[in-house]
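1. Okay, sequence plus prediction incoming.
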Amino acid sequence: MRLRQGGIFWAAAALACTSIATAQSSGNGREGREESEKETGIPVTDALVREKCGTCHQPDDKGNLSRISWMRTTPEGWAHAIKRMVTLNGLSISAEESRAVVRSLAASHGLAPEEAIPVAYIPEKRIITESNIPNDEVRGACASCHAFGQPLSWRRSGQEWKYLQDFHVALYSQAQAQYNRTGGGSGGRGSGGGGEGGRTPTNGEVALEYLRKNAPLHTPEWASWSARSAAPRLGGTWLVTASLPGKGRFVGTMEIDATSSAEEFTTRASIHSLTGDSAQSREGMGLVYGGFMWRGRSAGEGAGRTPDDPLSMARETLHFAADQQSAEGRWFWGEYNEFGYDVRLVRATAAPAILAVAPGAVRAGSKGIEVTVWGHNLPASPDAAQIGLGGGLSVTGVVSASAEKLVLTVDAADDAPSGPRDVSIGGAVLEKAFPVYSKVDFIKVTPETGLARLGGEKFAKGFQQFEAIGFEFGPDGKPDTADDVAIGPVDVTWSTEEFPSVYYDDDAKFVGNLDQDALFTPALEGPNPARRFGRNNYGEVWVVATAKDEKDKFGRPLSGRAYLVVTVPSYQRWDQPEVSQ
């Protein structure tokens, strides 16, 4: 399984005043005429952008700037392009001017929500297994060095996609070999079909055709969004639901206040754990790019006491819906952005709203369960008959009630069908609020493939948080199928075991420690004289969760495991802090 981390390698963000750009924009001579842009560009009207970029990127009589007018991308893409211009081409620009240029280009040459959200894992710094790579040829050309979400975070003219390949060949020594291969690897026929004269197309040719077709400069989505995008009007109270691996689920509110700038806001959030044992207040600020892309920072008082401290200074990446009534994204921190809340915001109104239900699951046949419903403007004196929890569940009493929380007693029928339940109270509905289940059939450890980095001497450590999630088979009686019922976290004990990729290396003894909260802390970097051949502490292990109470049909404790790679520090960073603010 290949891991792809958003923001590791920004090669696809390249803009360069190279001989390619000169030939494209000059219009002089046979070569220039052949390479002149044939597609309609997007004019650059901002005076500061034209001042800072127009020296190298030549203007035309239609208001276009060479190269720039034939590209669109995210705020991060434009920020990295500016960084490259400063580094390679001597651009003189202040931090304030840079932010203004990024803001302008993200609005006029940005992405529509339909284009940005599928690759949101890049700015959200998520480690995922990418499922959007169409074939091995494209993987070999584009996803051998960086996430495929990198090029998909851009829209370019057909000619600009070719220029990007040329740029890679000029800048990165391995690019030419990767592009010239066929079948995705070092040889063999690929899935791209026949080329000219029956010749098998190369990886580079297949990738170029794919990107020209699937990530063109002009799209219906962008035409629609650029016409209707409005200034963000986000001031007010927002309802927050969040989950943090290893810490559980949280609910609360966020106050967003407007500032003198139409795109800048300050924030004050107050959230608390559904278990009631953790509460926090956070303050921060945020910018909105392109009408919907929130980029911010926030922290709690006394932040950063431990690496996984929920109060830590966090970067915020959210995408607001077009109606500006909801948003989703991630608040994350850590040397490798490994810690983070999954966050959803909903604008608070006078109408009642249901945010979350605890406990996270109800077992069929249970009686007198205390169920807490967290919400906003909930009825002060609800009638049990007016509260809907779905088939097989009945509300037997209301223990307490307030606008933010209802505590109910609930009975589950012995034959209550397994599956998620909707909750309805006073006109408010929360879909799939919690599951009902009969038994825990198997356990999954998430993430199924983890990554940690050694450190502590010269480099910071990269941690990995795990969770053990229980599942019921579902109607088909089989694991890992679409009808599985996700029950939620299971009470387990944690351990590590050797992953036998190399004999006698004893990785489990050296790579680090896994505590009973499922947080893996890697060992120190550098050679270890206690290891065979003085090797570093890198290695591979199984992370094993063994249930304390749940058993299989043979009476043995259920268990699950995940694969963990503990590797060396990231010695070179491509996502530099000065362009990540």
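-> That came in fine, so what should we check first? Residues are numbered from 1 along each chain as shown.

2. any idea which element the residue nearest in space to the middle of the chain lies in?
-> Against the mean C-alpha coordinate of the chain, by C-alpha atoms, centre = their mean, the closest residue is residue 121 at 2.9 Å. Counting by DSSP states H and E, no helix or strand carries residue 121.

3. any idea how far residue 537 is from it?
-> Noted for residue 121: a distance of 29 Å to residue 537, by C-beta to C-beta, to the nearest Å. Yep, even glycine has a C-beta here, placed from its N, CA and C like the rest.

4. just to revisit the earlier point, pretty sure the residue nearest to the centre of the chain sits against residue 149.
-> Yes: counting by C-beta atoms under 8 Å, residue 149 is a contact partner of residue 121 at 6.1 Å.

5. nearest residue to residue 406 other than its sequence neighbours?
-> residue 373 (4.4 Å; C-beta to C-beta, 6 or more residues apart in numbering).

6. Contacts only, for the one you found.
-> 354, 356-357, 405-408, 423, 425 (C-beta atoms under 8 Å, 6 or more residues apart in numbering).

7. Please, which helix or strand holds it?
-> Using DSSP H and E, residue 373 falls in strand 369-376.

8. Quick check: can you name the pairing partners of that strand and their directions?
-> Taking DSSP bridges as the criterion, strand 369-376 sits next to strand 353-358 (antiparallel), strand 405-412 (antiparallel) in its sheet.

9. Can you tell me which of those is most buried?
-> Highest mean neighbour count of the strands paired with strand 369-376: strand 353-358, a mean of 22 (counted as mean count of other C-beta atoms under 10 Å).

10. contacts for it?
-> Counting by C-beta under 8 Å, 6+ apart, 239, 241, 249, 251, 274-275, 346, 371-378, 423-425, 428-430, 433-434 sit against strand 353-358.

11. Now which of these would you call buried?
-> Buried residues within the contacts of strand 353-358, counting neighbours by 16 or more other C-beta atoms under 10 Å: 239, 241, 249, 251, 274, 346, 371-378, 423-425, 428, 430, 433-434.

12. list the helices and strands the lengthiest strand in the chain packs on?
-> When the chain is parsed with DSSP state E, its longest strand is strand 539-551. On a contact count with 3 or more C-beta pairs under 8 Å, 6 or more residues apart in numbering; DSSP states H and E, strand 539-551 meets strand 442-446, strand 467-472, strand 492-498, helix 507-510, strand 557-567.

13. of the ones you listed, which approaches residue 83 most closely?
-> strand 557-567 (26.2 Å; C-beta to C-beta).

14. and residue 252, what are its phi and psi?
-> phi 170, psi -160 (degrees, to the nearest 10).

15. circling back: distance check, the residue nearest to residue 406 against residue 98.
-> To residue 98, residue 373 is 47 Å away according to C-beta to C-beta.

16. Do a quick rundown of the helices in this structure.
-> 19-26, 29-35, 47-53, 75-89, 95-108, 113-116, 136-142, 149-152, 158-171, 175-180, 203-214, 220-228, 507-510 (DSSP state H).

17. Show me what the last one is packed up against.
-> With contacts defined as 3+ C-beta pairs under 8 Å, 6+ apart, helix 507-510 has these neighbours: strand 492-498, strand 539-551.

18. Figure out which of the ones you listed is closest to residue 164.
-> Residue 164 sits nearest to strand 539-551 of all the helices and strands packed on helix 507-510, at 35.2 Å, using C-beta to C-beta.

19. For that closest one, list the C-alpha coordinates in CSV.
-> Extracted C-alpha coordinates of strand 539-551, given in CSV (Å, rounded to 0.1, in the frame of the first residue of the first chain):
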residue,chain,number,x,y,z
GLY,A,539,11.5,-1.0,11.0
GLU,A,540,8.1,-2.5,10.4
VAL,A,541,5.7,-3.9,13.1
TRP,A,542,2.2,-5.0,13.6
VAL,A,543,0.1,-2.9,15.9
VAL,A,544,-2.3,-5.3,17.6
ALA,A,545,-5.6,-4.5,19.5
THR,A,546,-7.0,-7.3,21.6
ALA,A,547,-10.6,-6.9,22.9
LYS,A,548,-11.1,-7.0,26.7
ASP,A,549,-14.7,-8.2,26.5
GLU,A,550,-15.7,-9.1,23.0
LYS,A,551,-15.0,-12.7,21.8
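
20. So which bits of that strand are buried?
-> 539-547, 550.

21. Next: stretch 251-270.
-> 251-256, 263, 265-267, 269.

22. Restricted to strands, list these.
-> Within the buried residues of stretch 251-270, residues falling in strands by DSSP E are 251-256, 265-267, 269.

23. Which one of these is nearest to residue 482?
-> Closest to residue 482, out of all of these and judged by C-beta to C-beta, is residue 251, at 28.7 Å.

24. contacting residues around that closest one?
-> Counting by C-beta under 8 Å, 6+ apart, residue 251 makes contact with 239-242, 271-272, 274, 355-356, 374.

25. 6 Å instead?
-> Residues in contact with residue 251 (C-beta atoms under 6 Å, 6 or more residues apart in numbering) are 241, 355-356, 374.

26. ok, and the closest non-adjacent residue to residue 222?
-> Residue 222 sits nearest to residue 112 (C-beta to C-beta, 6+ apart), 4.8 Å away.

27. now swap in residue 180 and tell me
-> Per C-beta to C-beta, 6+ apart, closest to residue 180 is residue 202, 5.3 Å.

28. ok so, going back, okay if I get the strands paired with strand 369-376 as JSON lines plus mean pLDDT and distance to residue 397?
-> Converted to JSON lines, the strands paired with strand 369-376 look like this (pLDDT from 0 to 100; distance: least, C-beta to C-beta, whole Å):
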{"stretch": "strand 353-358", "mean pLDDT": "96", "distance to residue 397": "16"}
{"stretch": "strand 405-412", "mean pLDDT": "96", "distance to residue 397": "4"}
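
29. just so I know, which of these lies nearest residue 68?
-> The closest of these to residue 68 is strand 353-358. By C-beta to C-beta, the value is 43.3 Å.

30. Surely residue 207 is in contact with residue 141?
-> Yes: the pair residue 207 and residue 141 passes the contact test of C-beta atoms under 6 Å, sitting 3.7 Å apart.

31. hang on, the earlier thing: so what strands line up beside the longest strand of the chain?
-> Assessed with DSSP bridges, strand 539-551 is paired to strand 492-498 (antiparallel), strand 557-567 (antiparallel).

32. out of those strands, deepest packed?
-> Counting by mean count of other C-beta under 10 Å, the most buried of the strands paired with strand 539-551 turns out to be strand 557-567, with a mean of 20.

33. Was I right to think residue 102 contacts residue 75?
-> Yes: look at residue 102 against residue 75 with C-beta under 6 Å: they come within range, at 5.4 Å.

34. Pull out the buried positions in stretch 61-73.
-> In stretch 61-73, counting by 16+ other C-beta under 10 Å, buried: 64-73.

35. List of residues touching that stretch?
-> Residues contacting stretch 61-73 (C-beta under 6 Å, 6+ apart): 21, 25, 37, 41-44, 53, 57-59, 109-110, 153-157, 160, 217.
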